[in-house]
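> Take a look and give me a structure for this.
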Amino acid sequence: MNPNLEQRLSRLPPRTASPFRQLLTHSQISEETVELILDAGELAGDRNRLIGFAAGFLHLRAQGVAVHDVIRMAKAQKRRVNLAWSPARWKAEHERLSRAETLYRLAAQQVDYDMTRYAAHLPVRFPGYLIRNSRRLGMEGLRQRHCVASYHDRLLAGSCAIASVFLDKTRWTVELRLCPDDARPLQIAQIKSRHNGLPSAAVTDAIHHMLGVERQRRSDDAVHESQRLYLENLRRILPVLREQQIRSITVSFDGSGDSGSIEHIAFDGPLSQEAFDALPVTYLATGRIFDDGVWRSTVTPTAGTMHEAIDALTYDYLEETGVDWYNCDGGYGELEINVTRGTVELQVSVRYSESHLEYSGTYAIETGEAL
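Here you go, the predicted structure:
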């Protein structure tokens, strides 16, 4: 056995190390696999569940989940892991860590982007700069802790541009796109700060003004149509649910790394899952069209299934919150429909892989004196 591996095993409790030694003696597991499992335990700060995780590790590998790559990348990037992660979470972590590796790789390269067409429509000077090469792109993602590196191919193709803009001591990453409208040749597609933070209306207006880009607003009708559409769809499906004696519904969702999805729709009622999902309902489906220089919302009555309607209203509600639950570390949560009471509740949690001390204070309770 590799002396280094034996030394690592010797530091484990005997009841944990012994099964690994037996498996290695009978060549039923490789030294490389044991090294990775031990790495995972160290990254998780958990040595008590290594035997159970070993079984999970091998099962995940057999299912095509790149858990081994996640452990390697997490070790290299000094990131923590959790031995109890689900297959979906291991896959999400693989995407997130892969993007981080891409950021480091881009930061070490010098691939140039042709920004001539975009620069022609921007002020000669503004508080910031256009990102003109992969090194700058990689550094932007590392500073801002978001997934701007995924735009590398689009920047090479010239289909968008990225600017780093400074406003009130805050760095904002701005995506720019060209428009076929000569009167409005440039538009701002999105604005994000650190950890994909969203700008206020005042910041959005200020950045548009700073870059000389006319802000394209949706019509009042479109705004009205898009607000609280999930409630209208709930009103449409509620009678069907009550008719089928469904008492409650719980929708679980999870996201990270530029993507997110509904993972499971559970319900309390007498139907089978298949029968519940296939219940016929009519709901309002949303869409967007670019009409006369303005993005307009469309709302179309659609004949579909209960599963499709719940999917649609959940995504609409999440969109309305403005919470970024699908980029970088992402987030998760549940939407609960209490059919009996006729209520809906949404809870969204956001993950962060690092923390910053924003405030610290100690006071004497009796006197209020700062200590």
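
> Strands of the chain, start to end?
All strands of the chain, identified by DSSP state E, fall at 128-130, 161-167, 170-178, 186-192, 248-256, 259-268, 280-291, 294-305, 331-338, 343-350.

> and G158, what does it touch?
Contacts here follow CB atoms under 8 Å, 6 or more residues apart in numbering; on that basis G158 touches Y113, D114, R117. All C-beta spots, glycine's among them, are computed from the backbone N, C-alpha and C.

> Pretty sure the first one sits against R154.
No - the pair Y113 and R154 fails to qualify as a contact (CB atoms under 8 Å) at a distance of 9.6 Å.

> between those two, which one's more packed in?
Y113 (23 against 15; other CB atoms under 10 Å).

> Next, count neighbours for the nearest residue to the more buried one once chain neighbours are set aside.
Spatially, and ignoring its direct neighbours in sequence, Y113 is nearest to L155 (4.4 Å; CB to CB, 6 or more residues apart in numbering). Counted by other CB under 10 Å, the residues lying close to L155 total 22.

> Likewise for the one 5 residues further on?
Close neighbours of C160, defined as other CB under 10 Å, add up to 16.

> Ramachandran coordinates for it?
phi -160, psi 170 (degrees, to the nearest 10).

> Find me the pLDDT at it, would you?
C160 is assigned 89 on the pLDDT scale.

> In this structure, what helix or strand scores lowest on average pLDDT?
In the chain, the helix or strand scored least confidently by mean pLDDT, DSSP states H and E is helix 220-226, which has a mean of 41.

> Buried residues, the longest helix along the chain. List them.
Counting by DSSP state H, the longest helix found in the chain is helix 87-107. Residues of helix 87-107 classed as buried by neighbour count (16 or more other CB atoms under 10 Å): 89-97, 99-100, 102-104, 106-107.

> Which pLDDT value does the model give V70?
pLDDT at V70 comes out at 89.

> With P3 instead?
85.

> What is the nearest of the contacts of G158 to R61?
Y113 (38.2 Å; CB to CB).

> Spit out the contact partners of that closest one.
I131, R132, N133, S134, L137, L155, L156, G158, A161.

> What separation is there between the closest residue to L156 other than its chain neighbours and Q187?
Leaving aside its chain neighbours, L156 sits nearest to Y113 (6.3 Å; criterion: CB to CB, 6+ apart). For Y113, the distance to Q187 equals 19 Å [CB to CB, to the nearest Å].
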